[in-house]
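Colleague: okay, here's the prediction I keep looking at, along with the sequence it came from:
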Amino acid sequence: MNSSSMHRVALAARTTLLAASLLVGATFVPLSAHACACGCGVFDVGTGSMFPDGSGGTVFVEADFVNQNRNWSGTSSAPADNNADKLVRSEFYTAGVQYMFNRRWGIQVDVPYWNRKFTTQDDTGDLSTNEHAALGDIRIRGVYTGFSPDMSSGLTFGLKLPTGDSNYPNFDPDTEIGSGSTDLLLGAFHRGHLSKDGKVGYFIRGQWQEPLQTKSNYRPGNELIGVAGAYYQGWTHADSFAITPILQVTAAYRGHDGGIDGHPEDSGYTRLIVAPGLELHFSKIRVYAEAGFAVHDNVSGNQLVSRQNYKLTAFYSF
């Protein structure tokens, strides 16, 4: 085996080991660059994804905000001059529905709309800023919760469709609103109690995203995200109003992009985000707010990162 083959084997082994470690870590912890080193997939796996507890449906609208304005290399901040990209500011708006046909089977559909501002340095050294808003990549998933009568454990499986705009001329392939790819989505979740009275609970959720069909010039890296959290349900009033504090940790891994426009040397990362949040529950309506703080970033090459992100979600059950 030559040195190039040995390197590819070693890289594949490290990737497999890291993916397994993230899944195992999420199981034992109690669960909401490329220039987009924020890890946009984290907004698809947090508390914005519902935990079903009976037949019927839930609709939701969600807003997320990320401001990637710091150049990062490896595990630390790096000089801004090392990266031609200077700013990626994104607003993610998502409308979705989850409907459980019975206590075993359901479906979830998420329809995103993104607004993104991108500042980069052109070939002459001048800064160029462009802003674009468009439909994002729609996600359709099946939900299976037949492992236990209380529906506390389940699997999700589906596709991310290439519905987002991936041809805006002023964005790079890795900053486009749509990836241009059809991706396989495989996930699992579980929730339970940490106290006998049921007031303190925990949840875990994970998702693997693998591109199946991509553009000839750009293949986004595969992605593994695990979320673990705990919550307290002891603040209630007259059984119609409740305040629930939530603390969750998100671990994310993204592989290198591929294709002639993929820049693998400046894509791929691991992240760890801690996010305190608060949920207000009014009968059939829930409102959830969260602020996430990055406690670990390890990126390949030079990539823009955001050290904070913000989320606001409203749910209605029917």
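Modeller: Structure received.

Colleague: any idea how far T120 lies from S153?
Modeller: 45 Å (CB to CB, to the nearest Å). Backbone N, C-alpha and C define where each C-beta goes, glycine included.

Colleague: hang on, I meant R254
Modeller: Separation of R254 from S153 (CB to CB): 26 Å.

Colleague: quick one: which of the two has more around it?
Modeller: Using other CB atoms under 10 Å, the more surrounded residue of R254 and S153 is R254, with 26 against 16.

Colleague: check what pLDDT the more buried one gets.
Modeller: pLDDT, R254: 96.

Colleague: against L186, how distant is it?
Modeller: 16 Å.

Colleague: so where do the helices sit in this structure?
Modeller: Assignment of helices within the chain using DSSP state H yields the ranges 3-28.

Colleague: where does it have low pLDDT?
Modeller: Applying pLDDT under 70 to the chain flags residues 1-49, 239.

Colleague: can you do 90?
Modeller: Applying pLDDT under 90 to the chain flags the ranges 1-54, 122-125, 198, 234-240, 283.

Colleague: looking at it, which strand is longest?
Modeller: Counting residues, the longest strand in the chain under DSSP state E turns out to be strand 285-305.

Colleague: adjacent strands (with direction) for that one?
Modeller: Note on strand 285-305: by DSSP bridges, its sheet partners are strand 70-74 (antiparallel), strand 269-282 (antiparallel), strand 308-317 (antiparallel).

Colleague: which one of those lies nearest to N167?
Modeller: strand 269-282 (25.3 Å; CB to CB).

Colleague: please identify the buried residues of that closest one?
Modeller: For strand 269-282, a neighbour-count test (16 or more other CB atoms under 10 Å) marks Y269, T270, R271, L272, I273, A275, G277, E279, H281 as buried.

Colleague: again, but for stretch 82-97
Modeller: N83, A84, D85, K86, L87, V88, R89, S90, F92, T94, G96, V97.

Colleague: these in strands, which ones?
Modeller: Per DSSP E, those map to strands at D85, K86, L87, V88, R89, S90, F92, T94, G96, V97.

Colleague: I figured the second one hits D122, correct?
Modeller: Going back to what we said before, that points to K86. No. Applying CB atoms under 8 Å, one finds K86 not in contact with D122, separated by 11.4 Å.

Colleague: make sure F189 is actually in contact with F51.
Modeller: Yes. In this structure, F189 is within contact of F51 by CB under 8 Å, at 6.5 Å.
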